[in-house]
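Visitor: Fold the following and give me the result.
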Amino acid sequence: MQNNYIQFKQKRELGEIINATFKFIRENYKTLFKYLVSLVGPSFILLVAALSYYTYSVPASILQSMDFSSGDFIIAFSVLALTLLIYYSYLYATIYHYIKSYMKHDGETDETEIRSGVKNDFGRLLILFLVSAILMFAGFILFVIPGIYLFVPLSIVSAIMIFKQTNLTDTISYAFTLIKDNWWMTFITIIVTGLLVYVIGLVFQIPLIVYTLVKMMTMVQEGSAAEMASYSDWVLIVLQVLASLIQYILYSISVIVIAFIYFSLNEEKNLTGTFEQIDNLGK
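Guide: Residues are numbered from 1 along each chain as shown. I've put the predicted structure just below:
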């Protein structure tokens, strides 16, 4: 076992989960990045194309949004949604199978295991995310509150499916079992992590913010309302796409946090890691 090995099967509080996440990233980013490029890279390229098409097709300004074709919006949004599902499926599968191999080999990883795991679980995750999205949408339609409640257990279903290798129904069922009596703490952990990732990503949005403000101020000074309705140009589109893509890349942090949340909840319910440590004492 490596001296810097990070134990996943351990009960952790919010601060400990965040600290463990960044420690894991700091000590594994080089190897993990290699797998992300080779396994997630192709879907990321598709995401770049879909996001570019969406940004170009759907007007950015409020004035323009009153006039865009609903057909164009539906097509662009559908393409983007599909590519996002594919991207997230590969992203979650790659990171979780990396962690799974990391745990199995006490800090080392096996490339064959990771690639085989991603290949086997990609389709299952894609279906899981699609079902989760439908449930979330239905929940938010029902006066929002059910959607917020469902958001928490559905956030950890991907980790359950990969690490426990459960089917669709058992995965969702077990998510609600883990969340019972821990909904608020899990919700707070996910929200804090999301805000942290957003703030980090905000740094990379500074060029977009500055360019947008300068362009709008210039157009206001020129006093042309007609021009304000068409202020979007290729520079703005490129900056918007880059800012969004960076957020999607940084989302990897949230994926790792969810893994730590799952193992923390599972440890509290089942003491899996504790029993394993006891078994290893005699070895």
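
Visitor: so where's the protein shaky on pLDDT?
Guide: Low-confidence segments of the chain, defined by pLDDT under 70: 1-3, 58-71, 219-232, 271-283.

Visitor: residue closest to the middle of it?
Guide: Tyr251 (4.4 Å; C-alpha atoms, centre = their mean).

Visitor: The strand or helix carrying it: which residues count as buried?
Guide: Using DSSP states H and E, the element containing Tyr251 is helix 234-270. Within helix 234-270, the residues that count as buried by 16 or more other C-beta atoms under 10 Å are 236, 239-248, 251-267. Heads up, the C-betas are built off the backbone N, CA and C, glycines and all.

Visitor: for Ile6, helix, strand, or coil?
Guide: Under DSSP: H, G, I helix; E, B strand; the rest coil, the three-state class of Ile6 is coil.

Visitor: number of nearby residues for the closest residue to it other than its chain neighbours?
Guide: Using C-beta to C-beta, 6 or more residues apart in numbering and skipping the chain neighbours, the partner closest in space to Ile6 is Phe24 (5.2 Å). Neighbours of Phe24 under the rule other C-beta atoms under 10 Å: 20.

Visitor: same thing with the one 4 residues further on?
Guide: Under the neighbour criterion other C-beta under 10 Å, Asn28 is assigned a count of 18.

Visitor: ok, it touching Ser101?
Guide: No. Counting by C-beta atoms under 8 Å, Asn28 does not reach Ser101; the two are 11.1 Å apart.

Visitor: hang on, isn't the residue nearest to the centre of the chain packed against Tyr198?
Guide: No. Using C-beta under 8 Å, Tyr251 is not in contact with Tyr198; the gap is 10.1 Å.

Visitor: Whichever strand or helix holds Tyr54: how far from the chain's middle?
Guide: Here Tyr54 sits within helix 41-57, counting by DSSP H and E. With C-alpha atoms, centre = their mean, to the nearest Å as the basis, helix 41-57 stands 16 Å off its chain's centre.

Visitor: Pretty sure Phe187 sits against Leu150.
Guide: No. Counting by C-beta under 8 Å, Phe187 stays clear of Leu150, with 11.3 Å between them.

Visitor: Pick out whichever of those two has more residues nearby.
Guide: Neighbours were counted for Phe187 and for Leu150 using other C-beta under 10 Å; Leu150 has more, 21 against 16.

Visitor: Quick one: residues contacting the nearest residue to that one once chain neighbours are set aside.
Guide: Counting by C-beta to C-beta, 6+ apart, Leu150 lies nearest to Gly139, which is 4.3 Å off, once chain neighbours are set aside. Gly139 makes contacts with Pro146, Gly147, Ile148, Tyr149, Leu150, Phe151, as judged by C-beta atoms under 8 Å, 6 or more residues apart in numbering.

Visitor: Against Phe44, how distant is the second one?
Guide: Counting by C-beta to C-beta, to the nearest Å, the separation of Gly147 from Phe44 is 28 Å.

Visitor: Also the first one?
Guide: According to C-beta to C-beta, Pro146 stands 33 Å off from Phe44.

Visitor: Kindly calculate the angle that the strand or helix carrying Val214 makes with helix 234-270.
Guide: Secondary structure assignment for Val214, by DSSP H and E: helix 206-222. Orientation of helix 206-222 against helix 234-270 (axes from the mean of the first three to the mean of the last three C-alpha atoms, to 10 degrees) gives an angle of 140 degrees.

Visitor: on contacts alone, who are the packing partners of helix 206-222?
Guide: helix 225-228, helix 234-270 (3 or more C-beta pairs under 8 Å, 6 or more residues apart in numbering; DSSP states H and E).

Visitor: how about those, which one is nearest Trp183?
Guide: helix 234-270 (10.5 Å; C-beta to C-beta).

Visitor: Now do that closest one: which elements does it pack against?
Guide: helix 14-35, helix 41-57, helix 70-104, helix 157-164, helix 168-179, helix 183-203, helix 206-222, helix 272-281.

Visitor: winner for burial among those?
Guide: Among the helices and strands packed on helix 234-270, helix 157-164 has the highest mean neighbour count (mean count of other C-beta atoms under 10 Å), at a mean of 23.

Visitor: Output it as PDB, restricted to C-alpha atoms.
Guide: Output in PDB follows, covering the C-alpha atoms of helix 157-164 (Å, rounded to 0.1, in the frame of the first residue of the first chain):
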ATOM      1  CA  VAL A 157     -26.900   6.900  -8.000                       C
ATOM      2  CA  SER A 158     -24.000   6.800 -10.400                       C
ATOM      3  CA  ALA A 159     -21.500   6.000  -7.600                       C
ATOM      4  CA  ILE A 160     -23.800   3.200  -6.300                       C
ATOM      5  CA  MET A 161     -24.200   1.700  -9.700                       C
ATOM      6  CA  ILE A 162     -20.400   1.600 -10.300                       C
ATOM      7  CA  PHE A 163     -19.100   0.600  -6.900                       C
ATOM      8  CA  LYS A 164     -21.900  -1.900  -6.000                       C
END
